[in-house]
Structures are given as C-alpha cells and as structure tokens.
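Asks: For reference, the sequence and a predicted model appear below.
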Amino acid sequence: MTKQIFINLAVSDLQRSKEFYTALGFSNNPQFSDDTAQCMVWNESIFVMLLTHEKFKVFTNKPIADTKSHIAGLFSLSFESLDAVNQTMSRGIHAGGIEVNELKDYGFMQQRTIEDFDGHTWEIFCMDMAKLPPQ
C-alpha cells in the first residue's frame, strides 16, 4: 500500500467547508464522504477529512481546540508558481476564507496564508530551489 496522510479537521459547517476546500483545488471523494464527513483529496497520497464536531469527537477524548483564537497546526500547500498561489488565494478568499498575513517573499519562496471558517490555517506557497541560498 502506498503511504498516505489524512489530516482530520473539525469543522462547524460541513458543506461550506467542502466548498472552501474545493475552491483551494481539492476534489471530493464521495466514497469516504457522508453527512458527518467529507473526504477532500489533494493528490493520491494527501487527504483532508472534514469532520463535524460530533464525528471528530468519536476519535478523541480531548476537547476540540478553538482554532479561531488558538493555533492548532499550520498546514502548507505547494504550487508551481506565484501566479498559481495568487489564483488559489483569490478563489479561497472568494469562497469565504480570510487572508491573515501579507505575502512573504523569502527570495526562493513566496508564501501567502489563508484561514478557513473554523480558523484552520493554510500556507499557500511556491518555491524555486534554484534560488535557494547556498549553505
């Protein structure tokens, strides 16, 4: 079996969250989706499971973090160009996301940051390894 990663996020509005992640470029896998969860596919190895709070609580005894006021993790998505980063950010903002930082330019990498409705934070970036400073 190919190694895969599943990121599980507790969301307050499943349909609205599905639409937001679709705007970022994820597709939906209906095989693992229902009225309590939506499986959003980034590629053949990376998935984001959007779970209602009730469904999320099935997997943990800990309280769900308030990601609107506390950071619980930073997730990053890479793109091939700054143009692709900007287009994705525009779609995400149009779908209701919030840009929380200005564009950061590290020379070899440009990064923008967006939050979904629940405050889950995504860094949208592109890198040009040829511009990476020598160590």
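Replies: Ah, there it is. It should be emphasised that the depicted structure is a prediction, and the values quoted were computed from it without experimental measurement.

Asks: centroid residue for the protein?
Replies: Centroid-nearest residue in the chain, with C-alpha atoms, centre = their mean: residue 122, separated by 4.8 Å.

Asks: show me the contacts for residue 2.
Replies: Residues counted as contacts of residue 2 (C-beta atoms under 8 Å, 6 or more residues apart in numbering) are 44-45. Every residue, glycine included, has its C-beta placed from N, CA and C.

Asks: ok now do the residue nearest to the centre of the chain, which residues does it touch?
Replies: 24, 74-77, 92, 113-116.

Asks: mind redoing it with 7 Å?
Replies: By C-beta atoms under 7 Å, 6 or more residues apart in numbering, the residues touching residue 122 are 75, 77, 114.

Asks: what bridges to the second one?
Replies: I take that to be residue 77. Taking DSSP bridges as the rule, residue 77 bridges to residue 124.

Asks: now it: how far from residue 124?
Replies: Between residue 77 and residue 124 the computed distance is 5 Å (C-beta to C-beta, to the nearest Å).

Asks: Is residue 89 in contact with residue 113, as I believe?
Replies: No: under the criterion of C-beta atoms under 7 Å, residue 89 is not in contact with residue 113, lying 9.0 Å apart.

Asks: Quick one: residues contacting the residue lying closest to residue 76 once chain neighbours are set aside.
Replies: Residue nearest to residue 76 in three dimensions, not counting chain neighbours: residue 123, with 4.3 Å by C-beta to C-beta, 6 or more residues apart in numbering. If a contact means C-beta under 7 Å, 6+ apart, then residue 123 has 74, 76, 111, 113 as its contacts.

Asks: ok, the last one - how many residues close by?
Replies: The number of residues packed around residue 113, counting by other C-beta atoms under 10 Å, is 20.

Asks: got it, and the second one?
Replies: Each residue near residue 76 was counted by other C-beta under 10 Å, and the total is 11.
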